[in-house]
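In: give me a 3D structure for the following:
(4 chains)
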Protein chains: 4
Amino acid sequence: MMKELEDHDHVPESDNRSSLCHHDHSSNNEVSLAFLTRLMAEFASDRDWDKFHSPRNLLLALVGEVGELSEIFQWKGEVPRGLPDWKDDEKEHLGEELSDVLLYLLRLADVCQINLGDAALKKLKKNALKYPVDRCKGSSKKYTAYKNEEIETHDP
Amino acid sequence: MMKELEDHDHVPESDNRSSLCHHDHSSNNEVSLAFLTRLMAEFASDRDWDKFHSPRNLLLALVGEVGELSEIFQWKGEVPRGLPDWKDDEKEHLGEELSDVLLYLLRLADVCQINLGDAALKKLKKNALKYPVDRCKGSSKKYTAYKNEEIETHDP
Amino acid sequence: MMKELEDHDHVPESDNRSSLCHHDHSSNNEVSLAFLTRLMAEFASDRDWDKFHSPRNLLLALVGEVGELSEIFQWKGEVPRGLPDWKDDEKEHLGEELSDVLLYLLRLADVCQINLGDAALKKLKKNALKYPVDRCKGSSKKYTAYKNEEIETHDP
Amino acid sequence: MMKELEDHDHVPESDNRSSLCHHDHSSNNEVSLAFLTRLMAEFASDRDWDKFHSPRNLLLALVGEVGELSEIFQWKGEVPRGLPDWKDDEKEHLGEELSDVLLYLLRLADVCQINLGDAALKKLKKNALKYPVDRCKGSSKKYTAYKNEEIETHDP
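Out: Okay, the predicted model is just below:
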């Protein structure tokens, strides 16, 4: 792990400066989009891989990872929330594939100079206005009507 | 926007309690995965939409949004980083589609009970060890060799 | 439909020469990959759209259509084969999206100068050898073992 | 290859009856959608794998294969039609991934009881009417207007 790398005398300076070494791991879902974006940017520039990170290259890499994610679920049939029957190694693999999608998505936003946190909050507000709670909950209208509308406008 | 909803007398209590109303918008890329995940969870439960958020439903919705994202780029040809020639409305639309992908990804991780921040940090460390800077940078090996290896193992 | 176009005096010559006008529609699933590929090639060159049909443009357009296809299924939950409860218009829409994916796939193969019929037959043979019937059927091994292997090697 | 299987005395009957053994390989892009669909159906039923071929399982498998296809192109940057610089093994691998996508697509259409040949011809006619040659070619309007319209309506 990174800790082992820190202990070695020969660790290149760029590894020592990595933000990853100094991160407080106590509450990892509190990690910000900015932090992960910064780590991805350092990772690429440290290895001189920026020239490969054009928008369309990253987009196709993202599509590749979404394919990987889909393969995990493809023969499972319908699985319940919480994935109660999955073994630890299956859940770990799922975490890796979800991470791969997230990391390429953040990197893509970054090279397109889009502030993804800002965009995500705006989109949530837009969705909240579009689907007010009092209209969507307990309405006599079939849920599918709202969901179909959601599909047409591509809103989560 | 959400502020307007707060001003109305008849705003349902669930809208008043929304975390979105109390968020400091000054540094939106510092927003955490946990915060966005929580907003998505509230959004769904407020509208009684949890029953639609099974893992495979969310995965297919994610695939749908990745399709939307791809459509933005499909006829553009190769575009440079920073998207210098894109108009404001095109960049805003891109931000919305990137957000849709992010929001479904976070929701999928949540319903699968995967701590995505934790998984992403682990994956970054795994990648850093797999591709040490001193080996990957300025090496006489063609970059494609590293990249092909990256492709085979699905690492960003 | 195309028949109406044929009846008009002013139909541009290129529409008259379209292979689509002369196709025997009696057994449409007997239509060949080559025929559909030819129709797509004519469609593009008639409109001078070839310059937009680079491999990566077509690939992203394909991804966009796969997204459209996924949206049809995303909130349905698990659906049985034959889609017994689907209305005619839903099935027609599904047919359109499946077609969009097929047409872009054939076009992509064509511009990459890949004989897709040949490749598909080769792949089927490769799969048949890899998964011999006597080993895969009624074996005491759990099916999931074969399926996992299928996933790892990306074989249908 | 399949020919070798035919020569063996112990070839299980199901392999002897395979349509693949009796196919005229002289013009493989003339192979029909129906023929490939039939081969896929036999492949699955011979191995008793029909129970895994639900619509959503096949759709996710298709998404997985599209991911595989994307990975081939992800670090290439913009590649010209004909892929002039690609080596034979790269083109063969591309043919395999394109085939995997095609085979799952045909299988998905089949289990959904959609006649894909019929649907594809209908869609082509619909597109031809929507984008008449005389309007789309040599028009003073910028091509992007037509293409944007194409994007919005999801037409190839």
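In: what helices and strands are in contact with the helix ranked longest in chain A?
Out: Among all segments of chain A classified by DSSP state H, the helix with the greatest residue count is helix A:88-111. Packing partners of helix A:88-111 (3 or more Cβ pairs under 8 Å, 6 or more residues apart in numbering or on different chains; DSSP states H and E): helix A:33-46, helix A:55-73, helix A:116-130, helix B:88-111, helix B:116-130. For every residue, glycine as well, the C-beta is placed using N, CA and C.
In: again, only using 6 Å
Out: Applying 3 or more Cβ pairs under 6 Å, 6 or more residues apart in numbering or on different chains; DSSP states H and E, one finds that helix A:88-111 makes contact with helix A:33-46, helix A:55-73, helix B:88-111, helix B:116-130.
In: quick one: that helix to helix B:55-73, angle?
Out: If you take axes from the mean of the first three to the mean of the last three Cα atoms, to 10 degrees, helix A:88-111 sits at 20 degrees to helix B:55-73.
In: what are the buried residues along helix A:88-111?
Out: The neighbour-count check on helix A:88-111 (16 or more other Cβ atoms under 10 Å in any protein chain shown) flags A:94-111 as buried.
In: follow-up on the earlier one: would you turn the helices and strands packed on helix A:88-111 into JSON lines with mean pLDDT?
Out: Formatted as JSON lines, the helices and strands packed on helix A:88-111 follow (pLDDT from 0 to 100):
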{"stretch": "helix A:33-46", "mean pLDDT": "97"}
{"stretch": "helix A:55-73", "mean pLDDT": "98"}
{"stretch": "helix B:88-111", "mean pLDDT": "98"}
{"stretch": "helix B:116-130", "mean pLDDT": "96"}
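In: and those helices: which comes nearest C:Ala34?
Out: Among these, helix A:55-73 comes nearest to C:Ala34, with 28.0 Å by Cβ to Cβ.
In: what lies in contact with the closest one?
Out: Identification of contacts with helix A:55-73 by Cβ atoms under 6 Å, 6 or more residues apart in numbering or on different chains yields A:94, A:97, A:100-101, A:104-105, A:107-108, A:111-112, B:56, B:59, B:66, B:73, B:79, B:154, C:63, C:151, D:60, D:63-64, D:66-68, D:70-71, D:73-75.
In: hey, C-alpha coordinates of stretch A:121-135 in CSV?
Out: C-alpha atoms of stretch A:121-135 as CSV (Å, rounded to 0.1, in the frame of the first residue of the first chain):
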residue,chain,number,x,y,z
LEU,A,121,-26.0,20.4,-7.1
LYS,A,122,-27.6,22.5,-9.9
LYS,A,123,-29.1,19.3,-11.4
LEU,A,124,-30.5,18.1,-8.1
LYS,A,125,-32.2,21.4,-7.6
LYS,A,126,-33.6,21.3,-11.2
ASN,A,127,-34.9,17.8,-10.5
ALA,A,128,-36.4,18.8,-7.2
LEU,A,129,-38.4,21.6,-8.9
LYS,A,130,-39.4,19.4,-11.8
TYR,A,131,-40.7,16.7,-9.5
PRO,A,132,-42.1,18.4,-6.4
VAL,A,133,-42.7,16.0,-3.5
ASP,A,134,-46.4,16.9,-3.1
ARG,A,135,-47.1,16.1,-6.7
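In: and that stretch, does that touch chain B?
Out: Yes: using Cβ under 6 Å from any Cβ of the partner chain, we find that stretch A:121-135 touches chain B at A:Leu121, A:Lys123, A:Leu124, A:Lys125, A:Val133, A:Asp134.
In: I'd like the helices and strands packed on helix A:88-111 written out as TSV, with distance to C:Leu36 added.
Out: Compiled in TSV, the helices and strands packed on helix A:88-111 are given as follows (distance: least, Cβ to Cβ, whole Å):
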stretch	distance to C:Leu36
helix A:33-46	41
helix A:55-73	24
helix B:88-111	30
helix B:116-130	41
